[in-house]
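Enquirer: Coordinates for the following, if possible.
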Amino acid sequence: MRHPIRAISLACLLACACQSSEVAVDAGGSGGTTGTGGATHTGGMTGTGGSTSMGGTTGTGGATQTGGTTGTGGSISTGGTVGTGGSTGTGGSTGTGGSTGTGGKGGNGGSAGTGGAVTTGIGGATGVAGKGGAAGSGAAGRSGTGGAGGATSSCSTPPPASALVGWAAVSGMGVTTTTGGGNATPQTVTTESALASAAGGTGAAVIYVKGVLSAGKISVGSNKTIVGLCGAEIHGHLGLGGSSNVIIRNIKIVGYGVGNCALDPDYDSSVGCSSGNDAVTVNGASHHLWFDHCDISDGTDGNLDITNGSDFVTVSWTKFHYTSRSDNSGSDSTGSEGHRFSNLIGASDGLSIDVGHLNVTWHHDWWADNVNQRMPRTRAGKIHLFNNLFTATGDSYCTNAGDGTHLLVESNVYSGVKAPLQPDSNGDMLAKNNIFTNTSGTTTASGTGFSPTYSYSADAASGVQAAVQAGAGPQ
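Expert: Take a look at the predicted model:
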């Protein structure tokens, strides 16, 4: 605000000098006179001082400080302009940094104010105001540090498991249901050798797999849970022979035969691709096994084969596929089909060990790129397929019911494939509520099938393709 003009002669001189300048300068001159008002500049610490600096009355005239240096109101006016620079100090308060506040200091407020003190002590007080510019070094800028993004996942905890549905949840062969390693303390492995060591034996174990493991052969014992973290991959061959109570989930398993069966260390060119390893083999009367949210591909022989009296198996939310390849040599050659035969249940007809066993549930699985057949090929057991997706364009056939099997095929989607259903004369298949789009070959099967003894709820087939394509495989 403006102060009354004092009667002393010095005040008059200053007032006259100011009259020869702009009106705004005149106001600044008055402010300069009342250096005490400059003290009021403490308000200037708000950083708005630059503008009020024009009227040193408010004391914000850090600009007035510079004027103080000249000791004349006119100069103070000029200082007012510099005071506008002090406004830059206001920028400092925006968090652009103390350095900008130092710029306020560049308004020469503090120092010049001291000089102003020489004038009549007027600018001195204003110099204090200059410190207001320093206050502009707003710590507010530090709030940007807080903006440094949130922590990313440490990949130390896997996604939760799906609900267990199907044969793996049914009591039999001395086991009530499938629990894997249960509540065992998880251990994390990052190498093929470490996984092989942890997965062996019958002691309960929960094993987290991290990273892409080198190819090798791994035997999985009983009472194990194997879970992938953050895109983990097992390469080569995984074998479950005589194992029980095993869960394998959220992991990618890649066989040896990626585009070329000869990559398999057990490949025999005199036989062909069938001489090599499956990506996953279940045999030796293994039981109570659950494969959930896996991606299984490029087995030299098969992707996931279940044979030799194995039982109580559920395969859920899993994708099967192949890299394109051929099989042009050997006594069991399949030529351009490349022995891309995904899933076999029962090694051959008439095996006594299979009678009353080979019961498998497949739900929300996806047979995708380059699978030629066996989706699955079945024998002997009670096989249930519901809510699965088949998009393996260029296939020979999809779902087969062979030697003595009872197959229930419901609410699945077959899209762009040949021979969706293949019930053999010695097999039984009941198909219901399935959707067939752009298919050729058999789409009906009116056998007796079987009635599952476990609880389940099949989704409407109309929503299956979207759900499976979004949800199958590791999460």
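Enquirer: Show me the helices in this structure, by range?
Expert: Assigned by DSSP state H, the helices in the chain fall at 9-19, 23-33, 35-39, 49-52, 62-70, 73-91, 98-106, 109-119, 122-135, 143-146, 192-199, 464-471.
Enquirer: so where's the protein shaky on pLDDT?
Expert: Using pLDDT under 70 as the threshold, the predicted model of the chain has low-confidence ranges 1-154.
Enquirer: domains of it?
Expert: What the record gives for the chain is the domain set 9-139, 167-471, from automatic domain parsing.
Enquirer: Pull up the pairing partners for the top strand by length along the chain, direction included.
Expert: The single longest strand within the chain, with elements called by DSSP state E, is strand 224-241. Using DSSP bridges, the strands paired with strand 224-241 are strand 205-212 (parallel), strand 216-219 (parallel), strand 244-249 (parallel), strand 252-255 (parallel), strand 280-283 (parallel).
Enquirer: Report the buried residues of the longest one.
Expert: So the one you mean is strand 205-212. 205-211 (16 or more other CB atoms under 10 Å). (C-beta placed from N, C-alpha, C; glycine too.)
Enquirer: Go through those residues and say which is closest to Thr393.
Expert: Using CB to CB, Val209 is the member of the buried residues of strand 205-212 that lies nearest Thr393, at 31.9 Å.
Enquirer: Quick check: beta-bridge partners of that closest one?
Expert: Per DSSP bridges, the residues bridged to Val209 are Val189, Gly228.
Enquirer: and it, how far is that from Trp317?
Expert: In this structure, Val209 lies at 18 Å from Trp317, with CB to CB, to the nearest Å as the measure.
Enquirer: Ok, Phe386 next?
Expert: Here Phe386 is placed at a distance of 13 Å from Trp317 (CB to CB).
Enquirer: more neighbours, those two?
Expert: Between Phe386 and Trp317, counted using other CB atoms under 10 Å, the more crowded position is Phe386 (26 against 23).
Enquirer: what sits against that one?
Expert: Counting by CB atoms under 8 Å, 6 or more residues apart in numbering, Phe386 makes contact with 362-363, 408-412, 456, 458.
Enquirer: Which strand residues bridge it?
Expert: On the basis of DSSP bridges, Phe386 is bridged to His363, Glu410.
Enquirer: Over to Gln373?
Expert: In this structure, Gln373 has beta-bridge partners Phe341, where bridges are defined by DSSP bridges.
Enquirer: Hmm, it is touching Phe341, no?
Expert: Yes: using CB atoms under 8 Å, Gln373 makes contact with Phe341 at a distance of 5.4 Å.
Enquirer: Touching, Thr361 and Val313? I think so.
Expert: Yes: under the criterion of CB under 8 Å, Thr361 lies in contact with Val313, with a separation of 7.3 Å.
Enquirer: intersection of neighbour lists for the two?
Expert: Here Thr361 and Val313 have 167-168 as joint contacts, going by CB under 8 Å, 6+ apart.
Enquirer: For those two, indicate the residue with more neighbours.
Expert: Each of Thr361 and Val313 has its neighbours counted (other CB under 10 Å); Val313 has more, 29 against 26.
Enquirer: if we can go back for a sec, joint contacts of Phe386 and Trp317?
Expert: Overlap between the neighbourhoods of Phe386 and Trp317 consists of His363, taking contacts as CB under 8 Å, 6+ apart.
Enquirer: Now for Gly447: which residues touch it?
Expert: Neighbouring residues of Gly447 by CB under 8 Å, 6+ apart: 401, 406-407, 423, 428-430.
Enquirer: how does it look with 6 Å?
Expert: For Gly447, the contacting residues are 428-430, by CB atoms under 6 Å, 6 or more residues apart in numbering.
Enquirer: residue contacts, the nearest residue to it once chain neighbours are set aside?
Expert: Counting by CB to CB, 6 or more residues apart in numbering, the nearest residue to Gly447 once its immediate chain neighbours are dropped is Asp428, at 4.0 Å. Applying CB under 6 Å, 6+ apart to Asp428 gives the contacts 401, 406, 447-448.
Enquirer: looking at those residues, which has the most residues close by?
Expert: With neighbours set by other CB under 10 Å, the maximum within the contacts of Asp428 is found at Ala401, which has 29 neighbours.
Enquirer: Surely that residue touches Val409?
Expert: No: with contacts counted by CB atoms under 6 Å, Ala401 stays clear of Val409, the gap being 8.5 Å.
Enquirer: Report the spatially nearest residue to His237, omitting neighbours in sequence.
Expert: For His237, ignoring the flanking residues on the chain, the nearest one in space by CB to CB, 6+ apart is Asn277 at 4.1 Å.
Enquirer: gap between that neighbour and Gly394?
Expert: Summarising the geometry, the distance separating Asn277 from Gly394, computed by CB to CB, is 24 Å.
Enquirer: Please identify which of the two sits among more neighbours.
Expert: Between Asn277 and Gly394, counting by other CB under 10 Å, Asn277 is the more crowded of the two (22 against 15).
Enquirer: What distance do you get for the residue nearest to His237 to Ala215?
Expert: Here Asn277 is placed at a distance of 10 Å from Ala215 (CB to CB).
Enquirer: now swap in Phe436 and tell me
Expert: Using CB to CB, one gets 38 Å for the distance from Phe436 to Ala215.
Enquirer: what about the two, which has more around it?
Expert: For Phe436 versus Ala215, neighbours defined as other CB under 10 Å are more numerous around Phe436 (21 against 16).
Enquirer: Bridge partners for that one, pull those for me.
Expert: Taking DSSP bridges as the rule, Phe436 bridges to Tyr414.
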